[in-house]
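Peer 1: All I have is the shape, not the residue letters:
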């Protein structure tokens, strides 16, 4: 019989406590989703919830957005430390500042200390991407910002409730500095409601089992997760492995950068050292809190451990982000707003690639990086300003795995399938736009024995007035990286880009645009596909033909990427000899 | 047609393992339950077998029974199996050009959140991409036409479909819900070019805002339609041959009955209809006790189904992923867990005991069945705990092997270093806890406190867990009908005909035109609905209407459903609607924003054709509780694993009104009821046990 871990607490109580913690987190998430105003938040699920113990260690990470949650660990610790000795029942703390453990400032966090019998026992925490966070450009993404001060309202840890009493002066100060005040109030209410839902459930749990038992169970869950990760690490051969990935110049003019990850495995310990170039006056710098998430995501794509996720997973992992003042370890005054996607996905890739060197058979391909649009303008229907990030524009293709093709339209990498695009009708109802197209794209998935998933194209026209389109992201020259020998020949179709259609002229742009378009003109944002897995010439011909039949691979793509020569586009007849020749040549 | 003229009502519930038959006899007032093995490949064979059993037991021949019966049946297995095994009809989709991929993009996410699992596959497409054809046409968000429909595109799609042998076509355009003209014209063309095809039109099937949901619902409907049509035809013909005087009524996932034609046009309403009759049955057996807020739990061999009804209104789901396909139409909210008598206990990589979702099913079944199963299941734990009789189930027809059960449970006990008894109690506790978390999902997550409800047990395996569940969730009152094991079939024969009429009306509630629009839409829907029910044979007196709206604060994206009474909506009465919304929002999310503007998105009228119900028995039955004790056995009621000597009652001999104090075990022919210490059961003349917590 297989040796299993013997828990130090009653195994039945442990199971029950674990179930209650999961239910609690789930109910917090549901409450956020259903009540929030910001479409980024409620349509797109760009929020996360987590529970911490009194120390504070993360005791449960919800399966919301992966790029949020690693970053909540340092953020929570920074907030608790700031108010150390001054945390009281009924307090509620707000925070977004990246220089203070946050990720990017538009992801605003709410922290509620949970007291039981007068003692601080837990924290319920949630984080959501707001509609706007002040600053000169609507929706927070300002490619022209040279410093963080030109991006947004920074909120260091601040109490918005003090012993149960709302600090209306502070709230008013914050709302006054943001656009779309009514939505902001609604979103703050949603965050507060979710924290309260969590608190209610945790107190009921303590009432039932008592603090000592519940804490013992939580400690056990942390220890178990630690053991789980250590067991996995032991399967990786000891050694030092390097991964490196290129961060494209998205139009800032500073050129391409290399981000490197050096992973050292010693027994069941793992040390990850990051090296990145000096920070630049452009919004793609990542402060340390956010960089945690990028590293953890690369690690988890490799480890592929099942839930539950808590801080115990990372006890055997140490990270060195390199000197301050670099792209992956930024310091004031570096601008940062794009950081949750760029450079994070490149950092994730570097970590993933280092692990691939350690164990090539276990690694999945990269997912398409985020390359999207924010839109803003005036809605004549309601006489109100509108502004939003269009999550539909960053839905890229999933990476292939050693077992199967990548999922279509499920990225970007930093969200790993947790994000949703929102319904076309709901978007057209909320904003004065016409969405002409939201579709998969031929030849966009990375070639491989297992094909990467297709990216998406999103074509929009403003309904009755000018619309400002602000681009962000990258992945417009370098396709999502394949794994285990996958490669694509046809690159242009696999990377992200923007098409501007004005007066019958089409212009293709591969940089972060900031353009105003008018009714009658369109912008099409195209998102990259996922990377493939394995040699594309080993992909069975019938699978290639099925993709051709479904318009996911073109006749030309079949030849160039897969070495399959189709002679008749109607019947999809294959020239076996020519195919054989192409496939054996490579 | 709306009152019972026939002597019998026959309800048939085709489940995964058994098909249940409930016969209510108007003359004797008796209701009897029969079980035949299900025959998924040809459902009429199970019906045949069941009718034969009934003939043998009560001496009424199939012809006599059927020609004197109101017939109610569900087609859940057929629709469900077609969707699970991907064996629906060959389907084509006609969509707005540029939006053909919405059912494959699926809002761009994994429906159960992010997962690192490299083997988790994308959902199988019911319509592959080459059979999804775009048509140049466009309606805008105000219902105006931006691009007129290019009819040649529809014709081109039909030509491809004809070549490909498509038998069923879904048509779904962006904003058709505000202007269905293009969809209707496209349907005309398809009908003309493909006269044999079944056609599903998005705005007719599910006239609600959200293109992806509407298209996906239309596709699922189109996909199931050929299968349901064949099934309904076979069942109708079978009963007609036996002399059925009336059309068979089919049970729908919305919790009501419909005639076969409705189910072939709206097949998507058939897919989860099996457990959807539980709430009606639960309400019915609770009514004699004055209870209208009911949670029903139904534990079978592989799954555990939960429903919730508050003040007579049952929770509904709309716009959910069901078996990985987005379905919009209202379905009774059935929370289904992989927790049944056959659920397997195991130890996860973290060293935690888990129960299910894997199940030993009926083949090989739990280890104690002695059919070759070796994995420890819920039933094995229940046998070790002394809850089930070592003499076997179904009156000894299914013998149980205690030694095999113990050997299986040891697989959980040994690695954790605990006794078999403690491990069994652990398995029992964990499976109960999974079920309690499921009950939270239908109650707490919907803003209801489970302690305000009575718990009604259904299904053969539930009764062994029922007092433990009530204890855990804080419920004080349990109603457990003797008929529990066939309660869903019973639910069908006491259900009404039910149709949902929906419209979309995205308006802010701050002007008279908006109130009038909502009012007009309701009147229009209800006019159509009444006409439909009248054609089914109902009269004004037997038709009832319930209204609901999906509302939100301006700026929110998700709506909350608000029930309202039927009244004219105007500048005064709108305040009642708004108040109902603020109240519901607070119940659900801990706060309301009464100063902020409110809008309506979708509206719905549910029309019921009321059917006269068979009466529950009312006669008391004599018999002192003590006289019904047939045995004693050791049973375990706490984590120590120490057994208590527990009386075992013969359910057939228990008289009404006699208190049976826990710990006790009551053996009925089709179920075994465990009464924990601290609970007392009393048999009511209506043939249900009322089980209450001792004070």
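Peer 2: Nice, thanks for sending it over. Please read all numbers here as calculations on a predicted model, not as lab measurements. Residues are numbered from 1 along each chain as shown, chains lettered A, B, ... in the order given.
Peer 1: From the chain's centre, how far out is the helix or strand containing residue A:193? Work that out for me.
Peer 2: Using DSSP states H and E, residue A:193 falls within helix A:181-209. Centre-to-centre, helix A:181-209 and its host chain are 24 Å apart (Cα atoms, centre = their mean, to the nearest Å).
Peer 1: Then stretch B:190-202?
Peer 2: From the chain centre to the centre of stretch B:190-202 is a distance of 30 Å (Cα atoms, centre = their mean).
Peer 1: mind listing what's buried in that stretch?
Peer 2: Neighbour counts over stretch B:190-202 (16 or more other Cβ atoms under 10 Å in any protein chain shown) mark B:190, B:194, B:197, B:198, B:199, B:200, B:201, B:202 as buried. (Each C-beta comes from the backbone N, C-alpha and C, glycine too.)
Peer 1: again, but for stretch A:481-490
Peer 2: Neighbour counts over stretch A:481-490 (16+ other Cβ under 10 Å) mark A:481, A:482, A:483, A:484, A:486, A:487, A:488, A:490 as buried.
Peer 1: which one among those gets closest to chain B?
Peer 2: residue A:483 (10.8 Å; Cβ to the nearest Cβ).
Peer 1: Against chain A, how distant is residue B:384?
Peer 2: From residue B:384 across to chain A, the span is 15 Å (Cβ to the nearest Cβ, to the nearest Å).
Peer 1: Helix or strand: which one has the residue lying closest to that residue once chain neighbours are set aside?
Peer 2: Excluding the flanking residues, the one nearest residue B:384 by Cβ to Cβ, 6 or more residues apart in numbering or on different chains is residue B:424, at 4.0 Å. When elements are assigned from DSSP H and E, residue B:424 belongs to helix B:420-442.
Peer 1: quick one: the residue in the stretch 251-400 of chain A that chain B sits nearest to from residue B:519, how far?
Peer 2: As assessed by Cβ to the nearest Cβ, chain B sits closest to residue A:395 within the stretch 251-400 of chain A, at 3.6 Å. As judged by Cβ to Cβ, to the nearest Å, residue A:395 and residue B:519 stand 40 Å apart.
Peer 1: Which one's more surrounded, those two?
Peer 2: Set side by side, residue A:395 and residue B:519 show more neighbours around residue A:395, with 32 against 16, by other Cβ atoms under 10 Å in any protein chain shown.
Peer 1: List the contacts of that one.
Peer 2: Shown in contact with residue A:395 (Cβ atoms under 8 Å, 6 or more residues apart in numbering or on different chains): A:409, A:410, A:411, A:412, A:419, A:421, A:455, A:456, A:527, B:105, B:108.
Peer 1: Return the member of these nearest to residue B:578.
Peer 2: Of all the contacts of residue A:395, residue B:578 sits closest to residue A:421, with 31.4 Å by Cβ to Cβ.
Peer 1: wait, that closest one sits on residue A:391?
Peer 2: Yes - applying Cβ atoms under 8 Å, one finds residue A:421 in contact with residue A:391, separated by 5.6 Å.
Peer 1: Name the residue in these two with the higher neighbour count.
Peer 2: Ranked by neighbour count (other Cβ under 10 Å), residue A:421 and residue A:391 place residue A:391 first, with 29 against 25.
Peer 1: What does the pLDDT read for the more buried one?
Peer 2: Looking at residue A:391, its pLDDT stands at 90.
Peer 1: State the distance from it to residue A:349.
Peer 2: Applying Cβ to Cβ to residue A:391 and residue A:349 gives a distance of 22 Å.
Peer 1: Ok, residue A:463 next?
Peer 2: 38 Å.
Peer 1: Can you name the residues of the stretch 101-250 of chain B sitting close to chain A?
Peer 2: Proximity of the stretch 101-250 of chain B to chain A, by Cβ under 8 Å from any Cβ of the partner chain, involves residues B:101-102, B:104-110, B:112-119, B:121-122, B:128-130, B:138, B:140-141, B:146, B:174-175, B:177, B:209-213.
Peer 1: one more time with 7 Å, if that's ok
Peer 2: B:101-102, B:104-105, B:107-110, B:113-119, B:121-122, B:128-130, B:140-141, B:146, B:174-175, B:209-212 (Cβ under 7 Å from any Cβ of the partner chain).
Peer 1: Number of residues surrounding residue A:15?
Peer 2: Close neighbours of residue A:15, defined as other Cβ under 10 Å, add up to 23.
Peer 1: And the lengthiest helix in chain B, how far out from the chain middle?
Peer 2: In chain B, assigned by DSSP state H, the helix with the most residues is helix B:211-241. Using Cα atoms, centre = their mean, the mean C-alpha position of helix B:211-241 is found 17 Å from that of the whole chain.
Peer 1: same check, this time on stretch A:258-268
Peer 2: Its chain's C-alpha centre lies 22 Å from the corresponding centre of stretch A:258-268 when counted by Cα atoms, centre = their mean.
Peer 1: And for stretch B:195-208?
Peer 2: On Cα atoms, centre = their mean, the centre of stretch B:195-208 falls 24 Å from that of its chain.
Peer 1: and what of stretch A:149-163?
Peer 2: Computed by Cα atoms, centre = their mean, the chain-centroid distance of stretch A:149-163 equals 23 Å.
Peer 1: Need the contact partners of it.
Peer 2: Applying Cβ atoms under 7 Å, 6 or more residues apart in numbering or on different chains, the contact partners of stretch A:149-163 are A:79, A:82-83, A:88-97, A:100, A:105-106, A:133-136, A:140, A:142, A:145, A:148, A:166-167, A:170-171, A:174, A:177-178, A:283, A:333, A:335, A:337.
Peer 1: now the angle from the helix or strand in which residue A:434 is found to helix B:211-241?
Peer 2: Residue A:434 is part of strand A:433-440, with elements assigned from DSSP H and E. Taking axes from the mean of the first three to the mean of the last three Cα atoms, to 10 degrees, one finds that strand A:433-440 is oriented at 70 degrees with respect to helix B:211-241.
Peer 1: what about the stretch 401-550 of chain A, any weak spots by pLDDT?
Peer 2: Residues of the stretch 401-550 of chain A that meet the criterion pLDDT under 70 are absent altogether.
Peer 1: Just the strands from the stretch 451-600 of chain B, written as ranges.
Peer 2: Taking DSSP state E, counting those that start in this stretch to define them, one finds strands in the stretch 451-600 of chain B at B:454-458, B:477-481, B:497-508, B:543-553, B:560-564, B:598-609.
Peer 1: If I take the fifth one and strand B:543-553, what angle do their directions form?
Peer 2: Here the directions of strand B:560-564 and strand B:543-553 differ by 140 degrees (the same axes, to 10 degrees).
Peer 1: If you rank every helix and strand of chain A by mean pLDDT, what lands last?
Peer 2: Taking mean pLDDT, DSSP states H and E as the measure, chain A has helix A:39-42 as its least confident helix or strand, at a mean of 70.
Peer 1: Can you give the contact residues for the next helix or strand after that one?
Peer 2: Per DSSP H and E, helix A:39-42 leads on to strand A:47-53 as the next helix or strand towards the C-terminus. By Cβ under 7 Å, 6+ apart, the residues outside strand A:47-53 that reach it are A:21, A:24-25, A:28-29, A:32, A:41, A:58-62, A:64-65, A:68-69, A:72, A:76, A:122-129, A:194, A:198, A:218.
Peer 1: taking those one by one, which sit in helices?
Peer 2: Within these, residues falling in helices by DSSP H are A:21, A:24-25, A:28-29, A:32, A:41, A:68-69, A:72, A:76, A:194, A:198, A:218.
Peer 1: domains for chain B, by residue range?
Peer 2: B:8-82+B:230-270, B:86-222, B:275-339+B:432-493, B:343-428, B:497-609, B:625-681 (automatic domain parsing).
Peer 1: so where do the strands sit in the stretch 301-450 of chain B?
Peer 2: Using DSSP E, counting those that start in this stretch, the strands of the stretch 301-450 of chain B run over B:304-310, B:313-314, B:316-317, B:320-322, B:325-327, B:331-332, B:335-337, B:343-347, B:353-359.
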